[in-house]
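> turn this into a structure:
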Amino acid sequence: MRPTSEPARTTGPSPVRLLAAALAAALVASWSVLTLPYLSDDLDHLHAAAEFLEGERTLLAGWLFAPHNEQTLPLMRAAFLVGALLGGWNALPLRLLLLAVHSAAAVALGLIVWRAVGQRTAAWWSTILYAAGMGFAGGVIWCPSNAIFLLGGAAFLGTLWILLRWSHRPDLAWSLSLAGVLLAAMGTNGAAAATATLPAVVWLLRIPLRRWQWAAYPAVSACLLLAARWNFERLAPFPATEISVRTFLAFEWMAYLVPLKFAVAWIPGVHPSWAVVLAAGVLGWAAFALSLRAIAADDRRLLAALALPAAAVTALVAYGRSYEALETLYWTDRYYYFVLAPMAAWAGLLLARLPARAAAVLAVLCTLGAHGQMREGVPWNGYREHAAGLGHAAALLERIEAEAAQAPLSLTDARLPLAGVHHGAMSLVCIVRVAHPRGVPGLTFVQGSMTAVDSARWNRLADAWADERGVRSTLCAGGGKIRSLFVSTLDFRRDAFDEQVTGFHRWERPFRWLPRQGTAQIQRAPGALEIRAHAPLDLIRRIWPEADSIRVTVAVNGRDLADVSVGGDGDAVYRVEVPESLAPAGHTAAITLRAGRVWMPAEADPGSQDRRTLSVAVTSIGFAGDPRMNGLPRCATWSEAAP
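Next comes the predicted model:
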């Protein structure tokens, strides 16, 4: 271990050159995903940024420190706002910003290796491997909302570098490290757990802090975790999660996977079966343990110092995600971002023992392999669905811009149903404000009522947009407000109807899977209720050979009306008479389907990793007498939108 006095500046690797190498490696490993659209929770952060720009959220409590998925994430909130200001709906600027932060973290790791063990070559390889580690934790780039681990991890590595860089001035190092851990916790609250390990890290790195300074870190960790919980409970009760056997199992499983995941992260096309995972995990740890004998004692102290914070974050993830299936914990690579630092440093120390040319060739091959492995982890189908939904939103925005350019236009906000996007809908404020952070000239969102003239303009605009895109008019103006248009027949061969269903699994054209229970909100129209569905008996009989159907109970507005037996010879239509007194014409009826038996694809097919709970596939549900069931509804011909 290097002495605590500051080494000569000329002896270490140049930070500028390290950064250039890190940026190059990160770009090579991730270039093919940089232009993908936003996905999943990205839209939650964009909605929050848009509502802040529109004045619907306050700066601190309402936006910057508003909880998201049990966490307080001001750095992520700010990053998405910057992304909107720079690129609108183009996610490239935000991804480049995140790549820059990731590359800076790689430089911090390289400088930590240099200052801890004095190995210049190992510092270079650690930096490059960390930057290129997209096959190990690339989800933090292709899905920017996953980058909470990146932002927190980068700040925490910066904190460790500060402690080493200013170790000859302990009081200054300690003061700056407190600012560093605070910044890291604002990136991901998991960094607060990593802070609790700093006394051991300081001891391993031989940083001469006072004992009371050591003791301050666990106290700061506890305060940060309690503050995050208090901030969440301002709005809702904190989710009840207990430390259980399942928690320890999840932690042990994730730790067990680390060497194997790191090994396959550089080899495209390698997706081991569960039998291989179970066996190779043992071999991975055995190889890792043997390799430690090839490096010096100071090197092992460094790896331990990097591994302890990663283990703390992993334990917190296991605590919060212990309910998830083991295969989900394996595939969700963002959970392992903190582990990338000790693994990259370990690999860098080993590469430094090879001849320079051989190490360089291996590093280039690993970087190219990481790119291929990361591509294989991207949910391309999900991105295609998101891109289609965002394309519909962009086309609507063009019509809004054109209409507002002709004459001032006042609209009320509403959620536009869009098949394939996160939560199945986007607000008009989000569609407009992300693309135009300063607003669209001539367009105003009002809290009160729209004028009759603006309502008519919106309805014409919405129908023209629907005709152009080949979709249904889903938002119509009536009664001074833009509201969802509830239809009386949900035909999943045409659309997802996300705004009218709850409990069903995501849309898989031409049907939606019903789990144990699902509900559809539809307009009552004349005629009987018709349900078109089927059960895949060829799969179900692999679990229950005697099965000939699945019983489904049909309830309307909370009252059970009938049981139907859904078979498996293709779609069949099941009719249920609904009394007028139970669901009057023109009112919304809640149609609930409850399955008497459920199954999992993974139970029927050993090669499947799909552990969803399924029952029957529903193709359509609606009232037979609706004269509009065979056409796409239009605002101009619809009498009134549903409340």
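> strands of the stretch 401-550 of the chain, start to end?
In the stretch 401-550 of the chain, the segments counted as strands under DSSP state E, counting those that start in this stretch are 409-411, 415-417, 425-427, 443-445, 475-478, 481-484, 489-491, 501-502, 512-513, 517-523, 529-534, 550-556.
> got JSON lines for those strands, with mean neighbour count and mean pLDDT too?
Any C-beta I mention is one placed from the backbone N, CA and C, and that applies to glycine too. Below are the strands of the stretch 401-550 of the chain laid out as JSON lines (neighbours: other CB atoms under 10 Å; pLDDT from 0 to 100):
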{"stretch": "strand 409-411", "mean neighbour count": "22", "mean pLDDT": "97"}
{"stretch": "strand 415-417", "mean neighbour count": "23", "mean pLDDT": "90"}
{"stretch": "strand 425-427", "mean neighbour count": "22", "mean pLDDT": "93"}
{"stretch": "strand 443-445", "mean neighbour count": "16", "mean pLDDT": "97"}
{"stretch": "strand 475-478", "mean neighbour count": "24", "mean pLDDT": "89"}
{"stretch": "strand 481-484", "mean neighbour count": "20", "mean pLDDT": "88"}
{"stretch": "strand 489-491", "mean neighbour count": "21", "mean pLDDT": "90"}
{"stretch": "strand 501-502", "mean neighbour count": "18", "mean pLDDT": "92"}
{"stretch": "strand 512-513", "mean neighbour count": "22", "mean pLDDT": "96"}
{"stretch": "strand 517-523", "mean neighbour count": "20", "mean pLDDT": "93"}
{"stretch": "strand 529-534", "mean neighbour count": "21", "mean pLDDT": "95"}
{"stretch": "strand 550-556", "mean neighbour count": "19", "mean pLDDT": "96"}
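> which stretch among those strands comes nearest W544?
Ranking the strands of the stretch 401-550 of the chain by proximity to W544 (CB to CB) places strand 550-556 first, at 10.0 Å.
> and the strands of the stretch 401-550 of the chain as TSV, adding distance to A572?
Formatted as TSV, those follow (distance: least, CB to CB, whole Å):
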stretch	distance to A572
strand 409-411	44
strand 415-417	28
strand 425-427	31
strand 443-445	46
strand 475-478	34
strand 481-484	30
strand 489-491	16
strand 501-502	20
strand 512-513	17
strand 517-523	18
strand 529-534	7
strand 550-556	12
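> among those, which is nearest W274?
So among those, strand 512-513 is nearest, using CB to CB, at 24.0 Å.
> L235: neighbouring residues, count only.
9 (other CB atoms under 10 Å).
> one more: R115?
So R115, with other CB under 10 Å, has 23 neighbours.
> look up the closest residue to it, ignoring the ones flanking it.
L164 (4.2 Å; CB to CB, 6 or more residues apart in numbering).
> separation between the one you found and D491?
From L164 across to D491, the span is 63 Å (CB to CB, to the nearest Å).
> now the element after the helix or strand hosting the residue nearest to R115, going C-ward?
If you go by DSSP states H and E, L164 is part of helix 148-165. Sequence-wise, the next helix or strand downstream of helix 148-165 (DSSP H and E) is helix 170-187.
> other SSEs contacting the next helix-or-strand element following that next one?
Using DSSP H and E, the helix or strand that follows helix 170-187 in sequence is helix 190-195. Helix 190-195 sits against helix 148-165, helix 170-187, helix 211-233, helix 297-320, with contacts defined as 3 or more CB pairs under 8 Å, 6 or more residues apart in numbering; DSSP states H and E.
> relative to I531, which of those is closest?
That would be helix 297-320 among the helices and strands packed on helix 190-195, by CB to CB, at 38.4 Å.
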